[in-house]
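Colleague: attaching a predicted model along with its sequence, questions to come.
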Amino acid sequence: MTKTVLTIDDSRTMRDMLRMALTDAGFNVLQAEDGVHGMEVLSGSNPDVIVTDINMPRMDGFGVIEAVRKEQRYRNIPVLVLTTESDQAKKLRAKAAGATGWIVKPFEPEKLVAAIRRVSA
Amino acid sequence: MTESSLPGTNDNREFVAFRVGSQEFCVDIMCVREIRGWTAATPLPHTPDYVRGVINLRGAVLPIVDLASRFGLPETEPTPRSVIIVVQISKQVVGLLVDAVSDIFTTTGASWQPTPEIASDNVKSMVGGIYALDGRMISLVLLNSIIPTAEKVAA
Amino acid sequence: MDVMDTIRQTFFQECSEQLTEMESGLLVMSEGEADSDTINAVFRAVHSIKGGAGAFKLEALVQFAHKFETALDHIRSGKLAAGGDVMKVLLRAADILSDLVDASRDDVAIEPDTWQASADELLALTASADGAEDEDDFGSIDFQPALIDFGDTPSDGIAIEPLTSTFNIGFRPKPELYGNANETILVLRELSRMGTTQIACDTSDIPSLDDIDPAGAYISWTIALDTTENADAVASVFEFVDTDADISIEQPSSFSLPDLPEPFKFSASTDAPVEVAEVIESVEAPSAVVEAAPVIREEATAPVVPFPAAAPPQQTAAKTDAKPAALATIRVEFDRVDRLINLVGELVINQAMLSQRVAESNISNSSPIAVGLEELEQLTREIQEGVMGISAQPVKPLFQRMGRIVREVSDATGKEVRFKTEGDATEVDKTVVERLADPLTHMIRNAVDHGLETPEARVAAGKPAEGVVRLTAAHRSGRIVIEVSDDGAGINRAKVRESAIKKGLIPADVQLTDSEIDNLLFLPGFSTANSISNISGRGVGMDVVKRSIQALGGRISITSRPGKGSTFSLSLPLTLAVLDGMVVCVNGQTLVLPLTAIVETLKPKEQDVHCLGADGRVMAIRSTFVPLIDVGVKLGFRRTTLNPSAGVAILIETENGSRSALLVDSIQDQRQVVIKSLETNYGNVSGIAAATILGDGRVALILDVDSLVKASDVDQLAPELRYGTGG
């Protein structure tokens, strides 16, 4: 079955790149442009994985993770965080917020797909 | 669509023939966009006599060339029966004012003849060849040469 | 086009939006009135540019954006105060960033010294705070260096060792692992993908059913993995869970199967046995998949940065207008919009023709046809407005470019300038916006260079040392009005007048009103500056500005008050597709004159018209002589000139400021006409700018007054006559 990935990023460029990489890999792609929008899209869909940026207007990536983990029906959806760095301490911070994993920007499509595969059933 | 040379021997092409005064001319049907009745044209200043002006063709401004005048014949006196043949010349769309459409025919290639030497240079530059049809002589109009190009106009 | 090329284009489009966002934020910050939302928005803009630049391996851009971002982060976290000097550095950095984006877009090689100085300035700002890395700043998670580094996550490490080795792995998940939506089964599956696994499950810790916490973790695993991957690759499988589980990875030198209790084999990638902890929730997720939602919004380009409600007062209006963060937008090729605009032009003409026909057929105004037609007319007008609105753009990006001009000129002249914009959400047709950049640049330069006094002179005059240059836009009765004003010394009229006389532009004894003197600035070749300044000079005068505004169908005017400053005001049409015209009749032909060129219309008296030479005629208008041009003769519509008293003279002003009177038979109407190109199907015609289609369906020609006048004898006239200033 085709897996559905919800990507949340305020950058159109990043959304396009995510869409391209994921569509090429055979994923069904949902997109949102900030955390609030992301939660809206989430409420009307059932993605297998959420990929979210951190720095976003209205609701940032941490807000998204919190909101997802707080809701019983979303709680089990893996959330991957897009970060532009790879410092272990920062990753831990994302983890502490409830992130399932992370993807370091700029990402190679294969890396992105591998990370999604790793966390999705 | 180019009509700059004589149709090849093996070409079976369709042409629209029309009368200008007592003579008959034709153009490749692939260049013809539509045929419509005469409407009064708005004269353009500083243009050759054979440019009758411009008309509104569904919002586009269409220049009208009086073919008779272009071939050195007396100017056409447009009547309600006069016809404008709207042709595409590369990127331009131009209306040709003629007296009447006379025929649509398919050529068989072999019947085309080069323009005889008797014609003036002006006429020769605009006629791509002549075709014999049931004893009539029909001259092929070289559309590229009948309207001054934008550069020529601007100059 | 390649997908990456498309995304690259998107990236640069987005960059320009981000730069706009950044600049407006920085300007608010310079006012000292920015709140954390504004600073965050600026930070995010720079951060986004960096992120995208990384994806396209634009090294210089990444490096510079990173330094910029770091400085902004220091402000964001309060470690750096956004004072005047700091803001200067940031604004300079903004300019450099914008240059780097341009250079990257155009694939121009970037010399490090173009941005090094600014980068050093930024570095200096942050240097002091660099020692204390802000580990506890939660938001700082992703503004560390953007590493262009692909070896960072070992997960996809290439198998360097082709030999198979065996790893003994112990894996004991903690509850947090499940809390973060990681799953043991997936980790195991990942391992089994790497080679052959023997997996054993230790269930000895599972408590009695009564004591089970559904979110608890009670099972531990031991895995024997035969793989060609190296230890790093194996470890990377646990990358996401390494703090949420006890993990041990051993690589014994010998091949010995681990001593496992109750081993059970596991086949890779299967409907694998489900863990106790997962059973509880995995059935709950609703399965409806909605795909429509993202399609609607995926292309949204609206400024996604919400502005603070409490924006600084002078920017409030614009901010509120620009705010619609939730507005979805789509991108459409300009050609399509163009086609639509043309079609609507057709519609307008058709509707007008229909109305005229109906009016001619004596149908009662109350008949259903007339009523229906009226509704059609209303609808047509609304459609026209709607379509014209599509290609409209806010002037904001244009205004922000002007901010940079102000900074450059103020740096070069040593003047202190505060730049204020108003109404930057005002929308104008894209083509108009594009063609406004040059004239506005020149006007802004003038305002700083010539308009404002030096700080010393200002203080001496009892004004604040810092001058203000204000750029505003507003819609006024179907046109856009743009004003450039300064609070400088105002126009020195005595000097202007003296200079104009010296240059032979006006007679020495002519009486001029203040406004007439001010308007002398627009005469070709006029320049009050004693030496041509490096900044405003460049051989371009206000006459060129005026010409380009007129070419846009616009008008320019000046008001000036001594000691208080000057205001240049531009009034422009909202679009270039329509034109305000005066419909006139010449020898039975209908012609349209652009309203912008017309000064006034006059009924000539025979005694006002004088012959000059063989066939030249001039007309006296309040004691100034202007050439009188018979349009009918000029265009070849008639041979003999019209008796002036039988016609109407229209006083026009050409782009170079010269005036002429055009003689026509009569004036019919004043109306907006849709501009149709003659060039598409024919070519240029001297004296004719374009064509339009009138209500009766016939083509009418739009006069090009400049080329009409140029071909006349005006050049042989004395300069005094050419630059008539009366009227």
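Modeller: Nice, I can see it.
Colleague: for chain B, just list every one of the helices.
Modeller: Ranges of helices in chain B, per DSSP state H, are B:67-70, B:121-126, B:143-146, B:150-154.
Colleague: quick check: mean pLDDT of the last one?
Modeller: Confidence over helix B:150-154 (mean pLDDT, whole number) is 40.
Colleague: what's the neighbour count on C:Leu209?
Modeller: 6 (other CB atoms under 10 Å in any protein chain shown). Quick note: C-beta positions are derived from backbone N, CA and C, even for glycine.
Colleague: what of C:Asp5?
Modeller: Neighbours of C:Asp5 using other CB under 10 Å come to 9.
Colleague: can you list the low-confidence ranges for chain B?
Modeller: Along chain B, the parts satisfying pLDDT under 70 run over B:1-11, B:109-110, B:148-155.
Colleague: can you name the residue of it nearest to chain A?
Modeller: B:Lys91 (35.0 Å; CB to the nearest CB).
Colleague: for that residue, grab the count of nearby residues.
Modeller: 8.
Colleague: likewise for C:Thr126?
Modeller: 17.
Colleague: so C:Leu678 sits in a helix?
Modeller: No: counting by DSSP: H, G, I helix; E, B strand; the rest coil, C:Leu678 is not part of a helix but coil.
Colleague: what is the helix-or-strand element of chain A with minimal mean pLDDT packed up against?
Modeller: Within chain A, no helix or strand scores below helix A:88-97, which has a mean of 74 by mean pLDDT, DSSP states H and E. On a contact count with 3 or more CB pairs under 8 Å, 6 or more residues apart in numbering or on different chains; DSSP states H and E, helix A:88-97 meets helix A:61-70, strand A:79-83.
Colleague: ok, now with 10 Å
Modeller: The contact analysis (3 or more CB pairs under 10 Å, 6 or more residues apart in numbering or on different chains; DSSP states H and E) places helix A:88-97 against helix A:61-70, strand A:79-83, strand A:101-104.
Colleague: so which bits of the following helix or strand past the shortest one are buried?
Modeller: Using DSSP states H and E, the next helix or strand after strand A:101-104 towards the C-terminus is helix A:109-119. Applying a neighbour-count criterion of 16 or more other CB atoms under 10 Å in any protein chain shown, one finds A:Lys111, A:Leu112, A:Val113, A:Ala114, A:Ala115, A:Ile116, A:Arg117, A:Arg118, A:Val119 buried in helix A:109-119.
Colleague: what sits against C:Phe238?
Modeller: C:Ser155, C:Ile169, C:Phe171, C:Asn182, C:Val187, C:Glu190, C:Leu191, C:Asp244, C:Ala245, C:Ile247, C:Ile249 (CB atoms under 10 Å, 6 or more residues apart in numbering or on different chains).
Colleague: how far off centre is the helix or strand where the second one lies?
Modeller: By that I understand C:Ile169. Using DSSP H and E, C:Ile169 sits in strand C:165-173. With CA atoms, centre = their mean, to the nearest Å as the basis, strand C:165-173 stands 56 Å off its chain's centre.
Colleague: any residue of the helix or strand following it touching chain A?
Modeller: Sequence-wise, the next helix or strand downstream of strand C:165-173 (DSSP H and E) is helix C:175-179. Yes: counting by CB under 10 Å from any CB of the partner chain, chain A is contacted by helix C:175-179 at C:Glu176, C:Leu177, C:Tyr178, C:Gly179.
Colleague: next, the buried residues of the least confident helix or strand of chain A.
Modeller: Buried, per 16+ other CB under 10 Å, within helix A:88-97: A:Lys90, A:Lys91, A:Arg93, A:Ala94, A:Lys95, A:Ala97.
Colleague: cool, stretch A:31-47 as well?
Modeller: Going by neighbour count (16+ other CB under 10 Å), the buried part of stretch A:31-47 is A:31-39, A:41-42, A:45-47.
Colleague: quick one: low-confidence ranges for chain A?
Modeller: In chain A (pLDDT under 70), the answer is A:1, A:85-90, A:121.
Colleague: taking it, what residue is nearest to chain B?
Modeller: Taking CB to the nearest CB, chain A has A:Asp16 as its residue nearest chain B, at 35.0 Å.
Colleague: quick check: closest non-adjacent residue to that residue.
Modeller: Distances taken as CB to CB, 6 or more residues apart in numbering or on different chains place C:Ile7 nearest to A:Asp16, at 4.5 Å, with adjacent residues excluded.
Colleague: host element of that neighbour?
Modeller: Element membership of C:Ile7, judged by DSSP H and E, is helix C:3-30.
Colleague: C:Thr421 now?
Modeller: Counting by DSSP H and E, C:Thr421 is part of strand C:417-422.
Colleague: just how off-centre is the next helix-or-strand element following that strand within its chain?
Modeller: The first helix or strand that comes after strand C:417-422 along the chain, using DSSP H and E, is strand C:427-429. When distances are taken as CA atoms, centre = their mean, strand C:427-429 is centred 11 Å away from the chain's centroid.
Colleague: neighbouring strands of strand C:427-429 in the sheet, and parallel or not?
Modeller: Strand C:427-429 has the following strand partners under DSSP bridges: strand C:392-394 (antiparallel).
Colleague: which is the succeeding secondary structure element to the strand it pairs with?
Modeller: helix C:396-413.
Colleague: what comes up buried for that next one?
Modeller: Using 16+ other CB under 10 Å as the test for burial, helix C:396-413 gives C:396-410, C:413.
Colleague: ok, is it in contact with chain A or not?
Modeller: No: Helix C:396-413 lies out of reach of chain A by CB under 10 Å from any CB, never closer than 16.5 Å.
Colleague: taking strand C:417-422 as reference, get the angle to that helix.
Modeller: Helix C:396-413 and strand C:417-422 are oriented at 170 degrees to each other (axes from the mean of the first three to the mean of the last three CA atoms, to 10 degrees).
Colleague: out of the contacts of C:Phe238, which sit inside helices?
Modeller: Among the contacts of C:Phe238, the ones falling in helices (DSSP H) are C:Val187, C:Glu190, C:Leu191.
Colleague: name whatever forms a beta bridge with the spatially most central residue of chain A.
Modeller: Centroid-nearest residue in chain A: A:Val51, 0.9 Å away (criterion: CA atoms, centre = their mean). Per DSSP bridges, the residues bridged to A:Val51 are A:Thr7, A:Leu80.
Colleague: now for it: which residues touch it?
Modeller: Contacts for A:Val51 (CB under 10 Å, 6+ apart) come out as A:5-9, A:14, A:18, A:22, A:29, A:31, A:61, A:78-82, A:101-103, A:107, A:112, A:115-116, A:119.
Colleague: how close does the residue nearest to C:Leu177 when sequence neighbours are not counted sit to B:Phe71?
Modeller: Leaving aside its sequence neighbours, C:Leu177 sits nearest to C:Asp244 (CB to CB, 6+ apart; 3.7 Å). Going from C:Asp244 to B:Phe71 by CB to CB, to the nearest Å gives 92 Å.
Colleague: before we move on, what about C:Ala460?
Modeller: Distance of C:Ala460 to B:Phe71, given as CB to CB: 81 Å.
Colleague: which of these two has more neighbours?
Modeller: Taking neighbours as other CB under 10 Å, C:Ala460 and B:Phe71 compare with B:Phe71 leading, 21 against 10.
Colleague: what sits against that one?
Modeller: Taking CB under 10 Å, 6+ apart, we find B:Phe71 in contact with B:20-21, B:23, B:25, B:50, B:119-120, B:122-123, B:126-127, B:139, B:141, B:146.
Colleague: equivalent analysis for C:Leu651, please.
Modeller: Counting by CB under 10 Å, 6+ apart, C:Leu651 makes contact with C:597-602, C:619, C:621, C:626, C:628, C:659-662, C:724, C:727.
Colleague: rewinding a little: which one of the contacts of B:Phe71 has the most neighbours?
Modeller: Within the contacts of B:Phe71, B:Val141 tops the neighbour count with 27 neighbours, counted by other CB under 10 Å.
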